[in-house]
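1. only geometry, no sequence info:
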């Protein structure tokens, strides 16, 4: 679930991180003789585009276009009224209104003279976009990029692990005898206040595999 206020803490994730990530994409594109890479994003599949631009949509969908020799461009299905907010929390400067993402992509490729582009995980695109892009006038090449965590991402992993350990240490003792929904609510409040964004809480009394809360009373021994 995506919720809450989205901002950009550049002390935690500086612009240099994105510069390095985009440079690595540019090198990969050069090796494959591709002028640009298309990265799809929506509220369910936002991590890749965010990795390269810090953009994460609350709703709707978009295409992040990463060119070898230019700044990334966002083809966006969102209303232009939110573009100032997008620019304030991302590295993006150019945002193109794109109610029809595939059509706008073809127009942009035509303007650039691109006949062939890379698409990250082409087979994983929503069906309508996959069909429109695959059958369009621009050749779409399926690209797979290994995501090797960099120093900034590893720092976030460590922070998340500390957050989880500290929050559970404080809350576990008080969970005995509570209904699992109530205990999950306490955990969510704890982690959201600590800055957690993506959160999944699974519990078990030891009789089942860990599952979402389902109205059970937690015993003296339970796992989260």
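-> Good, I have the coordinates. Quick caveat, the model's predicted, so the values are computed rather than measured.
2. so how many other residues sit close to the residue nearest to residue 123 when sequence neighbours are not counted?
-> Excluding the flanking residues, the one nearest residue 123 by C-beta to C-beta, 6 or more residues apart in numbering is residue 142, at 6.4 Å. (C-beta placed from N, C-alpha, C; glycine too.) Close neighbours of residue 142, defined as other C-beta atoms under 10 Å, add up to 13.
3. what about the host helix or strand of residue 142, average pLDDT?
-> Using DSSP states H and E, residue 142 falls within strand 139-143. Averaging pLDDT along strand 139-143 yields 97.
4. Please report how far residue 26 lies from residue 121.
-> Separation of residue 26 from residue 121 (C-beta to C-beta, to the nearest Å): 19 Å.
5. which residue is nearest the centroid of this structure?
-> Against the mean C-alpha coordinate of the chain, by C-alpha atoms, centre = their mean, the closest residue is residue 47 at 2.0 Å.
6. how far away is that one from residue 195?
-> 17 Å.
7. Equivalent analysis for residue 79, please.
-> 28 Å.
8. what does residue 17 give?
-> Taking C-beta to C-beta, one finds residue 17 at 18 Å from residue 195.
9. Surely residue 167 and residue 190 touch.
-> Yes: the pair residue 167 and residue 190 qualifies as a contact (C-beta atoms under 8 Å) at a distance of 4.6 Å.
10. any idea which helix is longest in this structure?
-> Using DSSP state H, we find that the single longest helix of the chain is helix 151-171.
11. Name the residues that touch it?
-> Helix 151-171 has contacts (C-beta atoms under 8 Å, 6 or more residues apart in numbering) with 12-14, 17, 51, 149, 183, 186-187, 190-191, 194-196, 224.
12. hmm, 7 Å instead?
-> 13, 17, 149, 186-187, 190-191, 194, 196, 224 (C-beta atoms under 7 Å, 6 or more residues apart in numbering).
13. Now tell me what touches the next helix-or-strand element following it from outside.
-> Helices and strands here follow DSSP H and E; after helix 151-171, the next one along the chain is helix 180-194. Here helix 180-194 makes contact (C-beta under 7 Å, 6+ apart) with 4, 163, 167, 171, 175, 199, 201, 203, 213-216, 218.
14. same thing but at 6 Å, please
-> 163, 167, 171, 175, 199, 201, 203, 213, 216, 218 (C-beta atoms under 6 Å, 6 or more residues apart in numbering).
15. Where does the prediction get shaky in this protein?
-> Scanning the chain with the threshold set as pLDDT under 70 gives 1-5.
16. Sketch out the helices for it, chain order is fine.
-> Using DSSP H, helices in the chain cover 15-31, 47-53, 83-89, 101-112, 127-134, 151-171, 180-194.
17. Single out the most deeply packed of those.
-> helix 47-53 (a mean of 19; mean count of other C-beta atoms under 10 Å).
18. which secondary structure elements does that one contact?
-> strand 36-42 (3 or more C-beta pairs under 6 Å, 6 or more residues apart in numbering; DSSP states H and E).
19. from the contacts of helix 151-171, which single one is nearest residue 111?
-> residue 17 (29.6 Å; C-beta to C-beta).
20. Report the separation between the nearest residue to the closest one once chain neighbours are set aside and residue 29.
-> Among residues not flanking residue 17 along the chain, residue 152 sits closest, at 4.3 Å (C-beta to C-beta, 6+ apart). From residue 152 across to residue 29, the span is 22 Å (C-beta to C-beta).
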